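S.K.: whatever this is, show me its structure:
(one chain, ligands or ions: 2)
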Amino acid sequence: PSRIYLGTVIHSLSLGCLEVIERAAVAVDKSGRIVFVKDTSKCATTADYIDFPGAEVVELGARILIPGFIDGHAHAPQQTFLGTGMHLPLLKWLEAYTFPKEAKFSDPVYAAAHYRTAVKRHLFNGTTTCSYFATIHLESTKALVDIVLELGQRGLVGKVNMDRNSPPFLIEETDTSLKDTQTFIDYVLTKNNPLVQPVITPRFIPSVTSPLLTGLGQLSISHTPPIRVQSHLSENRNEIAWVLQMHPENPTYTSVYDSHGLLHDRSYMAHCIWCTQSERDLLQSRSTGVIHCPNSNFSLSSGILNVRRLLREGIKVGLGTDVSGGYTPSMLDAIRQAVIASKMVSIGQGSDAETGNEGEYDALSYAEAFHLATMGSAECLSLGDTVGNFLEGKDFDALVLNLRAEGSPVDVFDGDSTLELFQRFLFVGDDRNIEQVYVAGKRCK
Ligand code: GUN
Ligand code: FE
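M.R.: Numbering: from 1, shown residues only. Ligands and ions are numbered 1, 2, ... in the order given. Model (predicted):
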């Protein structure tokens, strides 16, 4: 190893199962990979965990090491109107706020300035991996890739496709859209840097014609492994009615993506609030992930997703902020709102009649919500072998938490257990407690 961190480790091994190591040694090699995580109280001598020639020992004291957050769904251009338009439902919000603001990203210089701010905000809030929607604009989307690389974040980046039902100032020709997507994918793959990967990103079914959807599906599977696919699915009831009207040949919204070859194990769909049993069965059989974006679902009055049921049905679930349908890039907020949404479902206020079990406790625990924000998202994004927790061989994507930091909103008392401190951080903490951020062993905050 080249570096050994000494401190408290908390990470999620499986849904609801946290591992806490009060005094851990985390060894990281030159390439940023985790060599070992040892419980020092179980080591006979310090030689077992710190005596390695040339290795730097970093003493974190009472600080806590957790895996970085993984935001499964965010729109990088939309931070330019973060926190505005929250009185509108989806389709009106797109027309009034989103499309005019995204159109400004036709200018790569404007785009680069705002993308830099956006990526920094995600990173400083502890998001070490983010799956981004950019806009339809090729050059600006390339700029986003360069900025993610420069700032050291791990990013999945998509050039958005839109060739129908879009305003004249934010629409593409079908052929150009497909060609630019190909060019974009080549641009990212030529970087040959595992930290940034391209994602095929049809905006949602209303914005993309059948021929373009088909072309994108073919483009995805023409690579080995297939290029990842991200989109929106079953978010808003007017949107769903519109899709079904547009595609009478398909029984459901989900089957429209599927019939164009866009659902596979490297696809992940935001929202999925209103998916019926047959749609959920389809997602499950295709191993497609669901990104739960609770802040957005509340803010745009879209609905309340029943996460517990998806988990029980064996569907991969991760968390996302969906900025700026959601009003903050903070994954801590996504964790909190996921817990609240699950409580709504458990008291019978979810988006359909099939609810929790008659008031019995069925909401997400803090440990489960944390799992979704780390391992859950990692699995949806096909990064489960690379990040999400501190298993040996994974990349060191980590946050160093200081609950005693200057201005901390969290109180610390003698006798608090580590898990009590961790719960306080999840529900009350903020970026002031996120003192350091590492991606593949490199410090980015
Ligand atoms: N559906 C289509 N476009 C968007 C978008 O930008 N945000 C959200 N939340 N839903 C969408
Ligand atoms: Fe979105």
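S.K.: helices or strands next to the helix or strand hosting Ala369 in the packing?
M.R.: Using DSSP states H and E, Ala369 sits within helix 366-371. The contact analysis (3 or more CB pairs under 8 Å, 6 or more residues apart in numbering; DSSP states H and E) places helix 366-371 against strand 3-14, strand 17-28, helix 331-346, helix 418-428. For the C-beta atoms, the positions are set from N, CA and C on the backbone; glycine is no exception.
S.K.: can you list the low-confidence ranges for the chain?
M.R.: Along the chain, the model assigns pLDDT under 70 to residues 353-361.
S.K.: and the residue in the chain that ligand 1 sits nearest to, how many neighbours?
M.R.: Distance from ligand 1 to each residue of the chain (CB to the nearest ligand atom) is smallest for Gly325, at 3.2 Å. Residues near Gly325, counting by other CB atoms under 10 Å, number 30.
S.K.: OK, contacts around it?
M.R.: By CB atoms under 8 Å, 6 or more residues apart in numbering, the contact set of Gly325 is 75, 78, 90, 93, 293, 295-296, 299-300.
S.K.: next one: Trp242
M.R.: Contacts of Trp242 (CB under 8 Å, 6+ apart): 91, 206.
S.K.: repeat that for the one 5 residues further on.
M.R.: Listed by CB under 8 Å, 6+ apart, the contact set of His247 reads 205, 256.
S.K.: go with 6 Å
M.R.: Neighbour list for His247: Val256 [criterion: CB atoms under 6 Å, 6 or more residues apart in numbering].
S.K.: can you give me the distance of it to Tyr132?
M.R.: His247 sits 27 Å away from Tyr132, taking CB to CB, to the nearest Å as the criterion.
S.K.: could you do Leu138 as well?
M.R.: When Leu138 is compared with Tyr132 (using CB to CB), they lie 15 Å apart.
S.K.: likewise for Leu90?
M.R.: 20 Å.
S.K.: who's more crowded, those two?
M.R.: Neighbours were counted for Leu90 and for Tyr132 using other CB under 10 Å; Tyr132 has more, 29 against 21.
S.K.: pull out the buried positions in whatever helix or strand Ile70 lives in.
M.R.: Taking DSSP H and E as the criterion, Ile70 maps to strand 69-75. Residues 69-75 are the ones in strand 69-75 that count as buried (16 or more other CB atoms under 10 Å).
S.K.: that one pairs with which strands, parallel or anti?
M.R.: Applying DSSP bridges to the sheet, strand 69-75 is found paired with strand 127-133 (parallel).
S.K.: is the strand it pairs with in proximity to ligand 1?
M.R.: No: Strand 127-133 stays clear of ligand 1 (CB under 6 Å from any ligand atom), getting no nearer than 6.8 Å.
S.K.: which residues are in contact with the helix or strand following that strand?
M.R.: Counting by DSSP H and E, the element after strand 127-133 in chain order, helix or strand, is helix 138-151. Helix 138-151 has contacts (CB under 6 Å, 6+ apart) with 76, 105, 108, 111-112, 115-116, 119, 134, 155, 157, 159, 180, 184, 187-188, 196.
S.K.: can we see that at 7 Å?
M.R.: By CB atoms under 7 Å, 6 or more residues apart in numbering, the residues outside helix 138-151 that reach it are 76, 105, 108, 111-112, 115-116, 119-120, 123, 132, 134-135, 155, 157, 159, 180, 183-184, 187-188, 191, 193, 195-196, 444.
S.K.: so which of those belong to strands?
M.R.: Residues of the contacts of helix 138-151 located in strands (DSSP state E): 132, 155, 157, 196.
S.K.: follow-up on the earlier one: for ligand 1, tell me which of the buried residues of strand 69-75 show up nearby.
M.R.: Under the cut-off given by CB under 6 Å from any ligand atom, ligand 1 has His75 from the buried residues of strand 69-75 close to it.
S.K.: re the thing from before, any idea which of the helices and strands packed on helix 366-371 is most buried?
M.R.: Neighbour counts (mean count of other CB atoms under 10 Å) averaged over each of those peak at helix 331-346, with a mean of 22.
S.K.: quick one: that helix to strand 69-75, angle?
M.R.: 80 degrees (axes from the mean of the first three to the mean of the last three CA atoms, to 10 degrees).
S.K.: with just CA atoms, put helix 331-346 into PDB.
M.R.: Extracted in PDB, the C-alpha atoms of helix 331-346 (Å, rounded to 0.1, in the frame of the first residue of the first chain):
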ATOM      1  CA  MET A 331     -27.400  13.000  -1.400                       C
ATOM      2  CA  LEU A 332     -27.900  13.400   2.300                       C
ATOM      3  CA  ASP A 333     -31.200  15.100   1.400                       C
ATOM      4  CA  ALA A 334     -32.000  12.200  -1.000                       C
ATOM      5  CA  ILE A 335     -31.500   9.800   1.900                       C
ATOM      6  CA  ARG A 336     -33.800  11.900   4.200                       C
ATOM      7  CA  GLN A 337     -36.500  12.200   1.600                       C
ATOM      8  CA  ALA A 338     -36.300   8.600   0.700                       C
ATOM      9  CA  VAL A 339     -37.000   7.800   4.400                       C
ATOM     10  CA  ILE A 340     -39.900  10.200   4.500                       C
ATOM     11  CA  ALA A 341     -41.400   8.800   1.200                       C
ATOM     12  CA  SER A 342     -41.200   5.300   2.500                       C
ATOM     13  CA  LYS A 343     -43.000   6.400   5.700                       C
ATOM     14  CA  MET A 344     -45.800   7.900   3.500                       C
ATOM     15  CA  VAL A 345     -46.100   4.500   1.800                       C
ATOM     16  CA  SER A 346     -46.100   2.700   5.100                       C
END
